[in-house]
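**Q** Fold the stuff below for me.
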Amino acid sequence: MRKLLVALLLVPSIGVCKAQTAPTKPVEPTAIGIVYRLDPTSQELKRLPDEQWKKNYRFSVTVNFEDVEVKGVSSTFRIKASESIEFIFKTGSPEKVSLYRFVQKGKRRYFDVGQGSKPIKGLSIEVSQFGASSYKLVPISPLTPGEYAIIIADELYTFGVDQ
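**A** Residues are numbered from 1 along each chain as shown. You can find the predicted model right below:
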């Protein structure tokens, strides 16, 4: 009887200890080359839409430009400017991932990627290890309302930042 009483008292205390453990890190992405947003409240990974894009070349008297164009005025994936913005991805070349802000012109979005023979880097970002085999991208400066793109391994993932 004494052993039963001790056992009954231990079971609830084990449950209380287990409930006080640190929150677990979100699951890492399994697919290579897909970008996810790390939701700040649920810690879920939410996939960004990948959009078809084309590269355009513009020529002027002094400089040639390259830009990336996407049809449509906005991304279907929206983030509030007041929320933390972190993206998770898996790639073999994290140093080649870039973040760009679109310029809107009519019913298309574009951003410059080259001027003459010089590539244009995009916005300042910090890329760090996230888990065993994935990376986290965080913009260095807060993103203002507008349309943005992340380029990873020749794929383009879009999102918009709202007020």
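**Q** List the residue ranges of the chain that fall below the pLDDT cut-off.
**A** By pLDDT under 70, the weakly predicted segments of the chain are 1-25.
**Q** and the residue sitting nearest the centre point of it, what are its bridge partners?
**A** In the chain, the residue lying closest to the centroid (C-alpha atoms, centre = their mean) is Phe87, at 2.6 Å. Under DSSP bridges, the beta-bridge partners of Phe87 are Arg37, Leu137.
**Q** Now do the same contact list for Ser133.
**A** Glu28, Lys90 (C-beta atoms under 8 Å, 6 or more residues apart in numbering). Using the backbone N, CA and C atoms, a C-beta is placed for each residue, glycine as well.
**Q** just to revisit the earlier point, do you know how far the residue nearest to the centre of the chain is from Ile32?
**A** Computed as C-beta to C-beta, to the nearest Å, the Phe87 to Ile32 distance reads 15 Å.
**Q** again with Gly114
**A** 26 Å.
**Q** pretty sure Val70 belongs to a strand, no?
**A** Yes. Applying DSSP: H, G, I helix; E, B strand; the rest coil, one finds Val70 inside a strand.
**Q** Tell me what it is bridged to.
**A** Beta bridges link Val70 to Arg109, judged by DSSP bridges.
**Q** tell me the contacts of it?
**A** Glu51, Gln52, Trp53, Phe102, Arg108, Arg109, Tyr110, Ala149, Leu156, Thr158.
**Q** and with 7 Å instead?
**A** Applying C-beta atoms under 7 Å, 6 or more residues apart in numbering, we find Val70 in contact with Glu51, Trp53, Arg108, Arg109, Leu156, Thr158.
**Q** With adjacent residues omitted, what lies nearest to Asn163?
**A** You called it Asn, but residue 163 is Gln. Pro145 (5.3 Å; C-beta to C-beta, 6 or more residues apart in numbering).
**Q** Please look at that neighbour and Val161 and confirm they touch.
**A** Yes. Judged on C-beta atoms under 7 Å, Pro145 makes contact with Val161 at a distance of 5.2 Å.
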